[in-house]
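> Pasted the sequence and its predicted model underneath.
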Amino acid sequence: MHTISIILAANLFTFYAITQSRLFEKWGWNFKPFNCPLCLTAWTGLALFLLPSIVTYGVLAMFGSGVFAPYFKNFLINIYNKFQ
């Protein structure tokens, strides 16, 4: 179960950092592994594997919320507009 959490947390962190917020471009770190989704996911997964499990669950909660929030917002706006 912990391995699945690590994989999910690494993927959510990478998707949020590279695709949604473009965090590393803003910081000027536009080089590998920070601009490569596969590289960043692998290195993040390794870091989460070596860190305590509480860090993995924190990353999972933070970046999972950040990834799903825009989709959930659009879903609720579409439901609200449908019934008006």
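Yep, it's here.

> And the helices in this structure, which stretches?
Assigned by DSSP state H, the chain shows helices spanning 2-14, 23-26, 37-50, 53-82.

> so Leu23 touches Ala17, yeah?
Yes. Leu23 lies in contact with Ala17 (CB atoms under 8 Å); the separation is 4.5 Å. Glycine gets a C-beta too; all of them are placed from N, C-alpha and C.

> which of the two has more neighbours?
Neighbour tally, Leu23 and Ala17, criterion other CB atoms under 10 Å: the higher count belongs to Ala17, 19 against 13.

> residues in contact with the worst-scoring helix or strand of the chain on mean pLDDT?
Lowest on mean pLDDT, DSSP states H and E among the helices and strands of the chain sits helix 23-26, with a mean of 86. Residues from elsewhere that reach helix 23-26, judged by CB atoms under 8 Å, 6 or more residues apart in numbering: 16-18, 30, 34-35.

> Just the buried subset of the residues you listed, written out for ChimeraX, thanks.
To isolate the buried ones among the contacts of helix 23-26 in ChimeraX, judged by 16 or more other CB atoms under 10 Å, type:
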select :16,17,18,34
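
> list the contacts for the closest residue to Gly45 other than its chain neighbours?
Using CB to CB, 6 or more residues apart in numbering and skipping residues adjacent in sequence, the residue nearest Gly45 is Ala10, 4.0 Å away. Each residue near Ala10 by CB under 8 Å, 6+ apart is listed here: 41-42, 44-45, 48.

> which ones are touching the nearest residue to Leu60 once chain neighbours are set aside?
Among residues not flanking Leu60 along the chain, Ala9 sits closest, at 4.1 Å (CB to CB, 6+ apart). With contacts defined as CB under 8 Å, 6+ apart, the neighbours of Ala9 are 44, 48, 56-57, 59-60, 63-64.
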